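*Asks:* please work out how this folds:
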Amino acid sequence: MARSMGWSSIIPHLHMALEPIVGVHSGRTIGVEAVIGNATDLGFASAHDLLDCAADTGNPDDPLRCSDRLAEVEIQAHAAAIALFARMPDRANVKLFLNLDARLLDRAEAMVDGLRGLLAEHDVSPSTVVPEISERLAFCNAETLYDPNGAERLEVERVMTVLRGLSGRLAVADFGAGYASLPLLRVVRPDFVKLGHFFIANVAADRDRKLMLNALANITHLMGIQMVAGRVSGVEDYQIVRHAGCDYVQGDLVGGRFPDPSQIPMDQDAIRVLNHADQRRLHSDAALISAETQRTEPISLGTSMSAVFERFRFQKDQNFFPVVDQVGEPVGIIRELDLKEYTYSLYGKELLSNRALGRTLDAFVASCPVADVHTKAEKILEVFSASDGAECILIVNERKYIGFMSAKSLLRVINEKNLALARDQNPLSKLPGNNMINEYIAGCILDANSTYIMVYLDFDNFKPFNDKYGYRQGDRAITLFAELLRKQLPQGDVFVGHVGGDDFFVGLHEFRHDQAVDLITSMVRTFERDVESFYDEETRRRGYIFAKDREGVERKLPLLSASAAVVELPRGHGVRSADEISGLIATLKKAAKTAPDKIASACYTGADKPATG
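*Replies:* Residues are numbered from 1 along each chain as shown. Next up, the predicted model:
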């Protein structure tokens, strides 16, 4: 079909669609990505196939691959996308993510000028547009980016500066597709990173990719970059990317593509329902951070310098003010120190106040770290610490400025968290105690959209060991076990608690049953091996001790070990209270004591359904 039409007919018939980009905390649509919506109808395999054909000049006998028509396709796609976006009812609060083909970056200035004209034609503010460069195609050599003075790196920086000049924002899409990635991240410093298919597709079944996702979220947030998970189609993958730290999601789960912009929901109730069902895992520090956030009124870009001087004159206790753009997103701060050269010169203030002769506000804006109010306090402190000499950190909610925090107020939040943790912490193992364990279990029961593994561990033959070697050695054994739990179990979706004495609790989120059993079995084996060093040489050689059992009868008893009761709560379970599974745990504990591998496990779905081992 496409070949029979030819590019002259294809280009005018390009139709665009908009894909919502939704905040994981609020369920609000904060942006839309413009995509070619009818590529398959025109006879192409995909939108990428259409663009690749337009850029291909390698086959003079093929009307679609004989001449470079990519620039024409791009211009038409941008024009149609902006016209579609202009029809959105609430577009003032929404960003338009506009794809720019990397093969055309040598024409960056012309592309930006063309976009400014199209935006003006449709009365769309340039500040709402986020230029988006895909990593699907190589537009630079990764190795050349290492040299800060290399010609190619300087050219990449120049092009990105041109693109960023449109709105002050930039996005890198298809991150991880294979070209440059981390070096590109360092050089471009985008505001958004959109993850490629590798990170998202069926991520729930791949623990390694989950760990990579967590690490990448950590890196991007430290750099002040927000992360978008694209192509999210199912609840399971949504929960994974959300817990990993992604800020926004895009894909079929939040509606997919909309040819009609008036049909795009601004509030995604489905996301809010999912978040509410999983609210236990959202124990963010938002309340503490909000309480310590200073709500200073920001200065907007475009404010006259005479008005800025007046703010400093009337609020003498302020040595800086946050600066935001037209839609309330922070762009940095303006410092009184940077204005002193003009303040104390004879005609400095008059020069600045004269727009024709002086410098405008944006010339004085200094960069400042930014963090979302839902970010963990420790992570905010990490971002703050990585920004040498920063006066504050700006706090946002869905990218909108709400205030700022000083180092002092941030440390108060950390201190309050540490005090709350210490109140429930076991004094010997320093692990969370019963209150936090019960809270974790209650959250698992509430969240029927996820799979949880709950493990109850306790020592075997601990009393005779304690009686023979004393309580201090017993405490050493408990401390050893707690340390093994910390070190041998993966970080992230694992909760470790200390019930008391020689009883411990482990919770694992989205682990396979066999994977969880293997982890616990390995940890128990390590404990049995390491704790042998607590015995005297003769006892280690014999492999048992003579001691009284719990009934007071003297007998040979095995060396210290541990056993585990493993209960799986599968997705869709019908468990209503912790009491429903406590009986199963008690039964499994007894079975584990006599099991060859010291492990007994079962899957429990609800009181009306039998557990399966």
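
*Asks:* centroid-nearest residue for the protein?
*Replies:* With the centre of the chain defined as its mean C-alpha position, the nearest residue by C-alpha atoms, centre = their mean is Gly245, 2.0 Å away.

*Asks:* need phi/psi at that one.
*Replies:* phi 120, psi 10 (degrees, to the nearest 10).

*Asks:* which residues touch it?
*Replies:* Shown in contact with Gly245 (C-beta atoms under 8 Å, 6 or more residues apart in numbering): Asn214, Ala217, Asn218, His221, Met227. C-beta here means a position set from N, CA and C on the backbone, and glycine is covered the same way.

*Asks:* ok, so what distance separates Asp191 from Arg169?
*Replies:* Taking C-beta to C-beta, to the nearest Å as the measure, Asp191 and Arg169 are separated by 5 Å.

*Asks:* higher neighbour count, the two?
*Replies:* Legend: neighbour count by other C-beta atoms under 10 Å for Asp191 and Arg169, higher for Arg169 (23 against 20).

*Asks:* adjacent strands (with direction) for the host helix or strand of Leu394?
*Replies:* Following DSSP states H and E, the helix or strand that holds Leu394 is strand 393-397. Note on strand 393-397: by DSSP bridges, its sheet partners are strand 370-372 (parallel), strand 400-405 (antiparallel).

*Asks:* please name the residues that touch Leu182.
*Replies:* Ile219.

*Asks:* again with the one 5 residues further on
*Replies:* The contact partners of Val187, by C-beta under 8 Å, 6+ apart, come to Leu145, Arg153, Val156, Glu157, Met160.

*Asks:* ok so, going back, quick check: neighbours shared by Asp191 and Arg169?
*Replies:* Val130.

*Asks:* tell me which of the contacts of Val187 fall in helices.
*Replies:* Arg153, Val156, Glu157, Met160 (DSSP state H).

*Asks:* report the buried members of the contacts of Val187.
*Replies:* Among the contacts of Val187, those classed as buried by 16 or more other C-beta atoms under 10 Å are Leu145, Arg153, Val156, Met160.

*Asks:* out of the residues you listed, what pair is the most spread apart?
*Replies:* Leu145 and Met160 (11.7 Å; C-beta to C-beta).

*Asks:* that older thread, out of the contacts of Gly245, who's nearest Ala34?
*Replies:* Nearest to Ala34 among the contacts of Gly245 is Met227, at 20.1 Å by C-beta to C-beta.

*Asks:* ok, the closest one touching Tyr248?
*Replies:* Yes. Using C-beta atoms under 8 Å, Met227 makes contact with Tyr248 at a distance of 7.4 Å.

*Asks:* show me the common contact partners of those two, please.
*Replies:* By C-beta under 8 Å, 6+ apart, Met227 and Tyr248 have these common neighbours: Phe192.

*Asks:* let me see the mean pLDDT of stretch 477-497.
*Replies:* The average pLDDT for stretch 477-497 rounds to 92.

*Asks:* list the buried residues of it.
*Replies:* Neighbour-count burial for stretch 477-497 flags 477-478, 480-482, 484-485, 489, 492-497 (criterion: 16+ other C-beta under 10 Å).

*Asks:* just the residues you listed now: which is nearest Cys444?
*Replies:* Proximity to Cys444 was ranked across these by C-beta to C-beta; first place goes to Phe495, at 9.3 Å.

*Asks:* okay, and the beta partners of the closest one?
*Replies:* Taking DSSP bridges as the rule, Phe495 bridges to Gly507.

*Asks:* contacts only, for it.
*Replies:* With contact set as C-beta under 8 Å, 6+ apart, Phe495 has these partners: Pro432, Tyr440, Phe505, Val506, Gly507, Leu508, His509.

*Asks:* which helices and strands sit right next to the helix or strand hosting Ile520?
*Replies:* Counting by DSSP H and E, the element that carries Ile520 is helix 513-531. Applying 3 or more C-beta pairs under 8 Å, 6 or more residues apart in numbering; DSSP states H and E, we find helix 513-531 packed against strand 452-460, helix 471-488, strand 503-509, strand 561-569, strand 599-603.

*Asks:* neighbouring strands - and their directions - for the fourth one?
*Replies:* Read it as strand 561-569. strand 452-460 (antiparallel), strand 599-603 (parallel).

*Asks:* and it, what's its mean pLDDT?
*Replies:* So the average pLDDT for strand 561-569 ends up being 96.

*Asks:* just the first one next, same as before
*Replies:* Per-residue pLDDT over strand 452-460 has a mean of 96.

*Asks:* could you tell me the angle between that strand and helix 513-531?
*Replies:* For strand 452-460 against helix 513-531, the angle by axes from the mean of the first three to the mean of the last three C-alpha atoms, to 10 degrees is 20 degrees.

*Asks:* quick one: low-confidence ranges for the chain?
*Replies:* For the chain, the stretches flagged by pLDDT under 70 are 1-3, 177-181, 277-284, 343-359, 549-550, 606-613.

*Asks:* and Arg529, how many residues sit next to it?
*Replies:* Residues near Arg529, counting by other C-beta under 10 Å: 9.

*Asks:* likewise for Asp267?
*Replies:* By other C-beta under 10 Å, 12 other residues sit near Asp267.

*Asks:* same deal with Ile299?
*Replies:* When neighbours are defined as other C-beta under 10 Å, Ile299 has 18 of them.

*Asks:* look up how far Gly328 lies from it.
*Replies:* Per C-beta to C-beta, Ile299 is found 12 Å from Gly328.

*Asks:* could you do Ser233 as well?
*Replies:* Ser233 sits 32 Å away from Gly328, going by C-beta to C-beta.

*Asks:* please apply the same query to Arg28.
*Replies:* Taking C-beta to C-beta, one finds Arg28 at 13 Å from Gly328.

*Asks:* when these two are compared, which one has more neighbours?
*Replies:* A count of neighbours by other C-beta under 10 Å puts Arg28 above the other of Arg28 and Gly328, at 20 against 14.

*Asks:* for that one, which residues are in contact?
*Replies:* Residues near Arg28 by C-beta under 8 Å, 6+ apart: Val22, Met266, Asp267, Gln268, Glu398.

*Asks:* of the residues you listed - the most surrounded one?
*Replies:* In these, the most neighbours by other C-beta under 10 Å go to Val22, 28 neighbours.

*Asks:* can you tell me the helix or strand for that one?
*Replies:* Per DSSP H and E: strand 16-23 holds Val22.

*Asks:* contacts for that strand?
*Replies:* In contact with strand 16-23 (C-beta under 8 Å, 6+ apart) are residues 28-37, 77, 80-81, 84-85, 88, 95, 97, 228, 247-251, 254-259, 261, 264-265, 268, 271, 398.

*Asks:* let me have the buried ones among the contacts of Val187 in JSON lines, extended by distance to Lys589.
*Replies:* As requested, the buried ones among the contacts of Val187 are exported to JSON lines (distance: C-beta to C-beta, whole Å):
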{"residue": "Leu145", "distance to Lys589": "57"}
{"residue": "Arg153", "distance to Lys589": "61"}
{"residue": "Val156", "distance to Lys589": "61"}
{"residue": "Met160", "distance to Lys589": "60"}
